[in-house]
Each structure stands twice: as structure tokens, then as C-alpha cells.
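Undergrad: Structure, please.
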Amino acid sequence: MAAVVGKCGGGKKRKCEREGEGGLGELHDDVLERVLSRLPPASYFRLRGVCRRWSEAAASPTFLAACGRVPARDPWFLMLSEGQEQRQCPAVAFDAGEGAWARCQAAPEPMLPVAAAGGRVLYRAADTGALTVANPLTGASRVLPAPPAAAGALHAVALYGSPYRVVLIMGELPDLSMTAFDSSKNAWEDAVALSRKPDASSPDREAEGGIGGGDETVYFLSKSGDVMATNMQRSASRQYSSVVTCGGDGSEAVAYFLSHSGAVVACDMARRGFSELPRILPVYFEYSIDVVACGGRAYVVVLSELLDTASLRMWEFAGGAWRQVAAMPPAMSHAFYGKKADVNCVGHGDRVMVCVSSSEANGCFMCDVPNNRWEELPRCAGVDGEAMDFVAAFSFEPRMEIAV
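TA: Sure thing, here's the model as predicted:
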């Protein structure tokens, strides 16, 4: 529908060409933009095709300012499947507000997401290590300058705060270092060594080789008699993943990530130190593990098998010990018994999404952590109509006004 521009009462007002149209078509721009800013993003994208005026609101500074005054929006969960890692299908997200799957802006080629925070997603090129921050809702992106050279391979990547900071953790346990990018200065800080704090460990942990010797590989026999190794095999998107907990002003930021052997490492980025948390299960035990942050807390999700069934439980490290905070109902988790499934998790607010995938079974579940309430999400069909198996997940708040 075409639109024309006119003047009225000293202010700009545009009307659709249809005569006699009332309602939203008669509102001044600032009022209309306030109304549109309150819509869920998915609803606005569907409705902006009504007329050019509604579509053009997306570029209006007053509309973006009105969007910024909306206190909070339901999160979107950006998912990646094996096909997306190989550029064979588009990125999809789960809209928690509408309870439905939606398409997202494609990642800057040839990059994959490695972190997300607020309304931004951080992408990394596997071949060059180049980093790009993007708003997956609008497609706006920013290429970051190259980080300073540092000794050791990349171990984990973190994104947090506003103005946002990107932190690279490098090296191998116990010799780690970090460098940080400050978006307000558009510059990287010099790399600094991380000091090792005394580990909050159980007395028998030293016997498992978890305290003094770094992150060595341990080999053991599985229940089926196969030789297993503690080295974790992770997808390209999860290889450097971490979660961050911090205060409302971005202070006291702590990044949690998994070592190569599956140990949980807590890195205090303000005090430049790290520690390894004690293992929930013995190193020779078969299980899948992931770290997740929600509600300002860090949790560990573990899928394990015991007594001819599978259990999926969520744990928090507090007071020097692990305590269980949530558990999937046994009727749900038993479906993954004997399937050698992998778990990938992402949190936002009080919700955690858990993706369980294997060659034999898969599913996506949402957990309301305070109430320990679980529900299975509807399947997401790929381009071939088959259900997609997700290998990575990142949560972001869908905000059109977010700059990069």
C-alpha cells in the first residue's frame, strides 16, 4: 500500500492512501511508533507489510528509542544444527514469547556463533579467528579489530555487559591468560596471565588426577567394554563456549566453561584468577555435561545413566558443594537411556533450554528452574521436513534498537 507525507498541527503525519481509513492510520508518528514498539518483535515483522509507513518505522530514531523503553522482552533461543554448521540450512530460533520457531538473520559468512549476551551474538571465523558482533534481529554487524597476539591456543570466549566486552581465554590448564575487548573504546586490552586459586575440592579429587596435573586425558572402559577418553569432542560452535554471571552493572563478572576433560572452570575476570570446581561424577563415569547461566546463577546440566535408566539433572555449586536444583521427570529422561545422547543448554531469565541429541533420539526441553517445571518443545522441521537435531544454542533478547 503506497503512502504519502503530509503536515498536520505542526507535526509530521503520514496517511495511507485509502480514504476514510481510521484507527492506527490516523495516529501521529510518535504515537504510532510507541504502539508498534510494544509489539513482540515477531508480530511487528509480520505486520510491517501492512503499509510502507509501518515498515519505515523500523529506521525511525524515535521508534528505536521507544523500543529501548520497553523494560524486557521474552528471549529468543538461537539454535544451530549440523546442517547449519555446514551452511546447508538457515539459522532458526525459538521465540519463547510465542512458543514457536522462527528464522533468524544468517550468520556473517563464513562464521559461526560462539557467544551471545543481551541483544547481540558474537561470531567467529574458524579459519582466521576473526570476530564479528551482530544483532541477529536486524542483521546489523560490526567487525572487531584483531586481538593482540598471545601465547597458547584459544580456550573459551565470553561476551557480556553494556557497553559490551568480549573476553578471550587462552592457553591450557593450568597456564591460562585472557584479553578483553571494550566496545566503548573499540580496543583490546593487553593479555594478562590468570592466577590459579585454591580449588574447592573434595579430598579424593587429587586421586582422580583433577588437581595438580592440569587437564590430562584419562582412558577407561565403558559399561559396554569400549575404551573411552575424557577428552570432550565438541561441535565447532560449542568448542569455545562459556557462560557469564555478573552484577546488574556488569561488575563481578565470572565466566564458567568446560575444560577439555569436562571439568568446570570458574574464571573471575575482574580479579584475573580461576579455579576448577570439583567433579559431580567420577572422571571415569560416562555422561554428557554442559554449563548454563540463568537468573544470575551458573548451573551444570548432567545427563547420566544409572540402574538401567537415564537421568538429567541440574546442579549448582554453593557452599563448597554441589546441590541439585532441578531434575527432568524420569518419564522424559528415560527415553535417552542407551542412546549416547549429548546435551547442549542455554539459559535466559529463570528458563533453561536443554537440547538432547543423538543418532537415535533427540528433543528440546524448557525448564522453569525455580519451579522445576519441564515441557518438551514442538519439533522444528528442517528444509526436508525432518526434525532438526541441534548441536548448539545461544539466547538473546530480541531488540531492534540494540547497536553493535
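
Undergrad: how close does the residue lying closest to Ala117 once chain neighbours are set aside get to Gly295?
TA: The shortest distance from Ala117 to any non-neighbouring residue, by CB to CB, 6 or more residues apart in numbering, is to Leu159 (4.5 Å). All C-beta atoms are positioned from the backbone trio N, CA, C, and that covers glycine. Here Leu159 is placed at a distance of 18 Å from Gly295 (CB to CB, to the nearest Å).

Undergrad: These two - which one has more neighbours?
TA: Leu159 (24 against 15; other CB atoms under 10 Å).

Undergrad: what does the strand or helix carrying the more buried one rub up against?
TA: Here Leu159 sits within strand 154-160, counting by DSSP states H and E. Here strand 154-160 makes contact (CB atoms under 8 Å, 6 or more residues apart in numbering) with 114-117, 120, 122, 124, 129, 133, 165-172, 176, 240-242, 244, 246, 250, 253, 255, 257, 265, 267, 269.

Undergrad: and that strand, C-alpha only, in PDB?
TA: Below are the C-alpha coordinates for strand 154-160, written out as PDB (Å, rounded to 0.1, in the frame of the first residue of the first chain):
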ATOM      1  CA  LEU A 154      42.100 -20.200  22.300                       C
ATOM      2  CA  HIS A 155      40.200 -22.000  25.200                       C
ATOM      3  CA  ALA A 156      37.000 -20.000  25.800                       C
ATOM      4  CA  VAL A 157      35.100 -16.900  24.600                       C
ATOM      5  CA  ALA A 158      32.800 -14.700  26.700                       C
ATOM      6  CA  LEU A 159      30.500 -11.800  25.800                       C
ATOM      7  CA  TYR A 160      28.800  -9.700  28.500                       C
END
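
Undergrad: Any regions of this protein where pLDDT drops low?
TA: The model of the chain has pLDDT under 70 over residues 1-25, 82-90, 106, 199-237, 248-251, 284.

Undergrad: Return the distance of whichever strand or helix holds Val114 from the chain's centre.
TA: Applying DSSP H and E as the criterion places Val114 in strand 111-117. From the chain centre to the centre of strand 111-117 is a distance of 8 Å (CA atoms, centre = their mean, to the nearest Å).

Undergrad: likewise stretch 364-377?
TA: 17 Å.

Undergrad: same check, this time on stretch 57-67
TA: On CA atoms, centre = their mean, the centre of stretch 57-67 falls 26 Å from that of its chain.

Undergrad: Excluding covalently adjacent residues, which one is nearest to Asp342?
TA: Ser288 (5.0 Å).

Undergrad: re the thing from before, and the residue nearest to Ala117, what are its bridge partners?
TA: Val166 (DSSP bridges).

Undergrad: ok, it to Tyr337 distance?
TA: 36 Å.

Undergrad: repeat for Ser357
TA: 15 Å.

Undergrad: re the thing from before, the strand holding Val114: partners in the sheet, and parallel or antiparallel?
TA: Per DSSP bridges, strand 111-117 is paired in its sheet with strand 120-125 (antiparallel).

Undergrad: Can you spell out which helices and strands pack onto the following helix or strand past the partner strand?
TA: Once the chain leaves strand 120-125, the next helix or strand it forms, by DSSP H and E, is strand 131-134. In this structure, strand 131-134 packs against strand 120-125, strand 141-143, with contacts taken as 3 or more CB pairs under 8 Å, 6 or more residues apart in numbering; DSSP states H and E.

Undergrad: Could I get the contacting residues of Phe336?
TA: Leu303, Ala310, Leu312, Val356, Ser358, Ala361.

Undergrad: Tell me the secondary structure of the residue nearest to Asp342, please.
TA: strand (DSSP: H, G, I helix; E, B strand; the rest coil).

Undergrad: That one contacts Lys339, doesn't it?
TA: No. Look at Ser288 against Lys339 with CB atoms under 8 Å: they stay out of range, at 10.4 Å.

Undergrad: Which one of these two is surrounded by more residues?
TA: A count of neighbours by other CB under 10 Å puts Ser288 above the other of Ser288 and Lys339, at 21 against 17.

Undergrad: ok, what's across the strand from Gln120?
TA: To be clear, residue 120 is Arg; Gln isn't right here. Ala117.

Undergrad: which residues touch it?
TA: Arg120 neighbours (CB under 8 Å, 6+ apart): Val133, Ala134, Asn135, Leu159, Tyr164, Phe396, Ile402, Val404.

Undergrad: Roughly how far does it sit from Glu109?
TA: Relative to Glu109, and taking CB to CB, Arg120 is found at 18 Å.

Undergrad: again with Ala255
TA: Look at Ala255 and Glu109: by CB to CB, they are 28 Å apart.

Undergrad: Near Val243, how many other residues are there?
TA: Neighbours of Val243 under the rule other CB under 10 Å: 24.

Undergrad: Can you tell me the closest non-neighbouring residue to it?
TA: Ala293 (3.8 Å).

Undergrad: Isn't that neighbour up against Ala255?
TA: No. Using CB under 8 Å, Ala293 makes no contact with Ala255, being 9.5 Å away.

Undergrad: Check the contact lists of those two and give me the overlap.
TA: Joint contacts of Ala293 and Ala255 (CB under 8 Å, 6+ apart) are Val243, Val244.

Undergrad: And the two? Which one has more around it.
TA: A count of neighbours by other CB under 10 Å puts Ala255 above the other of Ala293 and Ala255, at 27 against 24.

Undergrad: Doesn't the more buried one belong to a strand?
TA: Yes. Ala255: assigned to a strand according to three-state DSSP.

Undergrad: Isn't it up against Ala270?
TA: No. Using CB under 8 Å, Ala255 is not in contact with Ala270; the gap is 10.8 Å.

Undergrad: Ser357 and Tyr337: which has the busier surroundings?
TA: Ser357 (22 against 14).

Undergrad: who does that one bridge with?
TA: Beta bridges link Ser357 to Asp342, Asn362 when assigned by DSSP bridges.

Undergrad: Isn't it up against Ala387?
TA: No. Taking contacts as CB under 8 Å, Ser357 lies outside contact range of Ala387: 10.2 Å.
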